[in-house]
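[1] mind folding the following:
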Amino acid sequence: MKTLIQQAGDYSLHVDLDTVEVTDGVRVRFVTHYQSARFPEDPQTKLDIHMSKQEFAVLCRTLSVFSVQN
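    Predicted coordinates:
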């Protein structure tokens, strides 16, 4: 799942969510895009973490408050 959580000018911040079968957890990546960059379609990963399902539930509640687009 990808969700846009912030947009300002040519900058956008997205969160990518994937399940992790081995640890029964979730992989969360916060990714930025800059339209004025040399390769605007290439994302820049700012944070890449694995978390438990309980931690993920807290993150989901937080994202639902700040999400601007699904």
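
[2] what about the residue lying closest to Pro43 once chain neighbours are set aside, helix or strand, and which?
    Using CB to CB, 6 or more residues apart in numbering and skipping the chain neighbours, the partner closest in space to Pro43 is Val31 (4.1 Å). Glycine gets a C-beta too; all of them are placed from N, C-alpha and C. Val31 belongs to strand 25-34 when elements are defined using DSSP states H and E.

[3] contacting residues around that strand?
    10-20, 40-41, 43-53, 55-56, 59 (CB atoms under 8 Å, 6 or more residues apart in numbering).

[4] tell me the buried residues in it?
    25-26, 28-31, 33 (16 or more other CB atoms under 10 Å).

[5] try stretch 48-65
    51, 56.

[6] would you check that Asp24 makes contact with Lys53?
    Yes. Contact status for Asp24 versus Lys53: in contact at 7.1 Å, counting by CB atoms under 8 Å.

[7] on that earlier part again, turn the buried residues of strand 25-34 into JSON lines, including pLDDT and distance to Thr3.
    As requested, these are exported to JSON lines (pLDDT from 0 to 100; distance: CB to CB, whole Å):
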{"residue": "Gly25", "pLDDT": "86", "distance to Thr3": "18"}
{"residue": "Val26", "pLDDT": "88", "distance to Thr3": "13"}
{"residue": "Val28", "pLDDT": "85", "distance to Thr3": "11"}
{"residue": "Arg29", "pLDDT": "85", "distance to Thr3": "11"}
{"residue": "Phe30", "pLDDT": "84", "distance to Thr3": "11"}
{"residue": "Val31", "pLDDT": "85", "distance to Thr3": "11"}
{"residue": "His33", "pLDDT": "80", "distance to Thr3": "13"}
